[in-house]
Structures are given as structure tokens and as C-alpha cells.
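*Asks:* here is my input; please provide its structure:
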Amino acid sequence: VDVQGSEWFTGIHNQAISDAANGGKTGDAGSLDITVSGALSIFNGGTVSSSTYSFGNAGNVKVSAGSIAIDGQGNGAGISSNANGNADNGGKTGDAGSIDIMTNGALSIVNGGQISSSTFSVGEAGTVKVSAGSITIDRQGGERTTGIVSNAVGDTANGGKAGDAGNLDITASGALSIVSGGGIYSTTYSSGKAGTVKISAGAITIDGQGGGLASIESNSIGNTDNGGKAGDAGSISITASGALSIANGGTISSSTSSSGMAGTVKVSAGSIAIDGQGNTTGIASQALGEADNAGKTGDAGSIDITASGALLIVNGGGISSTTFSFGNAGTVKVSAGSITIDRQDSNWAGIASQAIGDATNGGKTGDAGNLDIAASAALSVINGGKISSGTFSSGKAGTVKISAGTLLVDGKFSSINAKADAGSSGQTGSVSVTALDGITLSNQGTLSIQNDATLAQPGTLTPTLLTVSAPIIAISGGQISAASIATRSTAVARSAA
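*Replies:* This is a model prediction of the structure:
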């Protein structure tokens, strides 16, 4: 299916279209069922679609082929089912249809190619289910969105209201590769909810390649059409039986910049490597205040990461849940066979939950989340790496709980801490560190609670505790400390047996 520069729509279509003569009303569009024993190619503006512009529902789209290539060549191309509001129907339509794509071979989506079911009306978007031997999503430096998408988008025709986006269910028996601006997205810009994102693959690579984000996202975004209000973002669940690699601008995230909640993020893999290569990279959930919502949002989501083998976070990589708004940050739970956090030459690398105030919310935010980090073998925090829950605002810092076989904190700025920054509420969280075999703190590596806030009434704070337990605690130029500028509300307990 190839437009070849024509101005006409080229492809396979089934639509329910309203006009003034029928008052925006029609019957349902029909379903599409396409089977190709060999290769299916959709290029350069070509489309397979079933959509509604009326009160009737769009049809379902089912495609089965030996292999599938969707290449927009900068002009967009793909497989879709949408619910589109217009003036004839007052922004109201029936539902978009579901999409079911199956190939035992390779699925390639590049340069503006898409598989999508979205709603621009009060109708619901459809579910999108994709199953393939391998999946590649690559924007190739183009400007058009490239990937697998379900969105709920409000516009002026429907007063910023829309139905829910659809759920995404993606399976690759082999490799899933998302690179150079490609993505898998479910987002709401309206009163509707974003959909859940469920992904399962043998191995997963998410690599921005320095040319733009490559991502898996579910977001709730406020805008002027909806007065900064939107439904909740969806949860994200990702499973890789082998390795998960997130590199050079790659992200997995669920965030809110509206009154809706961000979704939870759950990731499980044989091994996980997060390497920023100097760029911000990783797994995140955020509550973002902005002008449309006067700095007010729902809560960020919790993050749950499991690696049966090694977890590596280096050179700009991170796992974080953060609030920049009145919503709370989420908890962060990480469990792995071994964990290494190494800042290398970047500005930051680590695991964090923070409450950060900005101009849109007058420096006020909800609370940071708790951190629960467990490594059955070694946990190493080196070269400026960090595990931290902190507040830079009116919110509280969260607790930090560490459990490991052995723990090494080595190097200047390397630390495990709970901190209340200058100008914050001054409420730190407790820190608990346990190592079954031993702890080594060296070359200015630290375990700490730090309170840099100056408070008129420090007695209103809840006392917090730094607890360190191991059979051997070796300190060579390192430090265990609880420090406060304005209060004496922290204490240190150390035990070695």
C-alpha cells in the first residue's frame, strides 16, 4: 500500500461519516480483516483504517501477515481506528474499533509509521493488540510520531472532553527495539483516561541514540482545552525474559501534568542496564505542575523494578519518582541479584524520590516517596552515584530502606541519604541500611540524614533515625552522619556484630 506522492487517500478504509443532512448520525462502520501469507508493506502515506466521524461505531481492524513493514517515509502511514469529533455531531461520536495485529515474523514501524486507535470525541478509543516475532520502532530522525499509540484528545468541538484511550498489549517472542525517537504511547489530553500499557518480549532495547527520546509512556496532560484537567494516566507493565537495555535518552515513564493521577510502572527482566551515556535516561513517574493547572496535579505513580540478575545504573541513568506539584511522589521499590550505581562522567546517576518546588506552585509540593532497595548479593554505589529521598519544598522527604549481601559506597559525592534542602519543610526521612556480610564506606562515600533547612519552630518536626547494621562495618575515608543546621531531630544508630 503506497501513495507514491498522490494527493488522494490510498489504502483500505471503512468509515462512518456524518454530515448536515443526517444530523451527524450514521450506522456503524464495518470491520476489516486482512490476511497475507507473505509480506505486508504500508508505505509513504498508505493506510489501513476503520474510523467514525458520527454517532456510529468504527469497526475493528484485524491484520495477519508473514511480516509487516510500516514506513511513513516522512509522510505518515499505518493501521488505525479512530473516533473523530466534528462540528456536525457536536464533537460526539461512537467508539473507535480495536486493532489486532499478528505476524510470526518481523514487524517494522519506521519514519512516521503508526499503529493507532485514538479518540478525539466522547467515544472510546479501541484496544491495540500486537503480536510479532520481533518488533522494531525507529523514527529515523523524522518529525512525525512513530510507533504504537492510543490517545484521548479533547478539542474545542467537545469542550476538551473525550472518552478513554485504549489499552496497549504488545508481545514479541524475540526482540523489541525502540530507537531514535520511536515509542509506545498511551496518553490523555482530556477528561478520558489513558490506557494501560502491557509489554512482553524476549529482550527489550530502548535507545534514544542521542537524536531524540525513545520511550514507553502513559501520561495525563492538562491543556487550555481542558483547563489543566485530565483523566488518569495508565499503568505500565513490562516483562523481558532476557535483558532490558535503556540507553542514551531512552525512557519508561508514567507522568501527570493535570488533575489526573500518573500510573504505576512495573518492570521485570532477567537483567537491566540503564546507561545514559551522558543524557537523562531511565524509568520515571512524575507529577508536574504547570501554568494550565496552577502547579496542581494528581500524584506520581509508584515504581516496582525486579531483575533476577544484575541491575546497572550508570552515566546519567536513573530510576525516580518525583513531584514538582501539590501531588505526592510515588514509592520506588527495586529488587535485583546485584545492583551497581556509577555516575561516571555525568551529572547524576541513581535511584531517587524527590519533592521539588517551582515557580508555578510557589515552592509548595506534596511529599517525596519512600525507597525500598534490595540486592541479594552486592550493592555498589560508586563515583558519585546516589540513592536518595529528598525534599526541596514544603513536602516531606521519604524513608530509605536498603538491604544487601554486601554494600560498598565509594567516592566523592557517593551516598545513600535522606535530605531536607535549604528552604524546605525540614522534614527528613529515616534511613535504614542492612548488609548481611558487610559494609564498606571509602573515599568520602557516606550514609547520612541531612537537614539544611532553617525553621522557626524545629520542634514541630518528626524525629528521624539513621540505622546501620552489618557484621562488619569498614570505614576508610567514608562517613556515617546525621547533621542538622537548625534542629537536633535526627539520631544515629550503628551496630556491628
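*Asks:* poorly predicted segments of the stretch 351-497 of the chain, please.
*Replies:* In the predicted model, the stretch 351-497 of the chain carries pLDDT under 70 at residues 357-364, 456, 485-497.
*Asks:* where along it do the helices fall?
*Replies:* Remark: no helices are assigned in the stretch 351-497 of the chain by DSSP state H, counting those that start in this stretch.
*Asks:* can you show me the strands along it?
*Replies:* For the stretch 351-497 of the chain, applying DSSP state E, counting those that start in this stretch gives strands covering 371-382, 386-391, 400-410, 415-420, 431-442, 446-451, 464-470, 473-476, 479-484, 490-496.
*Asks:* the stretch 1-150 of the chain too?
*Replies:* Remark: strands assigned in the stretch 1-150 of the chain by DSSP E, counting those that start in this stretch are 11-17, 32-43, 47-53, 61-71, 77-83, 99-110, 113-119, 128-138, 147-152.
*Asks:* tabulate those (TSV), appending mean pLDDT and mean neighbour count.
*Replies:* The C-beta positions use only the backbone N, C-alpha and C, and glycine is treated the same way. Formatted as TSV, those follow (pLDDT from 0 to 100; neighbours: other C-beta atoms under 10 Å):
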stretch	mean pLDDT	mean neighbour count
strand 11-17	77	18
strand 32-43	96	15
strand 47-53	86	26
strand 61-71	97	21
strand 77-83	89	29
strand 99-110	97	21
strand 113-119	91	29
strand 128-138	98	23
strand 147-152	90	28
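*Asks:* ok, which of the ones you listed comes nearest Phe326?
*Replies:* Comparing those against Phe326 with C-beta to C-beta, the closest turns out to be strand 147-152 (23.3 Å).
*Asks:* downstream of that closest one, the next helix or strand is which one?
*Replies:* Following strand 147-152 in sequence order, the next helix or strand is strand 168-179 (DSSP states H and E).
*Asks:* what does whichever helix or strand comes after that next one rub up against?
*Replies:* Once strand 168-179 ends, the next helix or strand along the chain (criterion: DSSP H and E) is strand 183-188. When contacts are taken as C-beta atoms under 8 Å, 6 or more residues apart in numbering, the neighbours of strand 183-188 outside the stretch itself are 137, 145-152, 162, 164-168, 170, 178, 194-197, 199, 213-221, 230-234, 258, 260.
*Asks:* can you do 7 Å?
*Replies:* In this structure, residues lying in contact with strand 183-188 by C-beta atoms under 7 Å, 6 or more residues apart in numbering are 137, 147-152, 165, 168, 170, 178, 194-195, 197, 199, 214-221, 230-231, 233-234, 260.
*Asks:* now it - C-alpha only, PDB.
*Replies:* In PDB, the C-alpha atoms belonging to strand 183-188 read as follows (Å, rounded to 0.1, in the frame of the first residue of the first chain):
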ATOM      1  CA  GLY A 183       7.800   5.000  21.000                       C
ATOM      2  CA  ILE A 184       4.800   3.200  22.500                       C
ATOM      3  CA  TYR A 185       2.400   5.700  24.000                       C
ATOM      4  CA  SER A 186      -1.000   5.900  25.700                       C
ATOM      5  CA  THR A 187      -1.800   9.500  26.700                       C
ATOM      6  CA  THR A 188      -4.900  11.500  27.700                       C
END
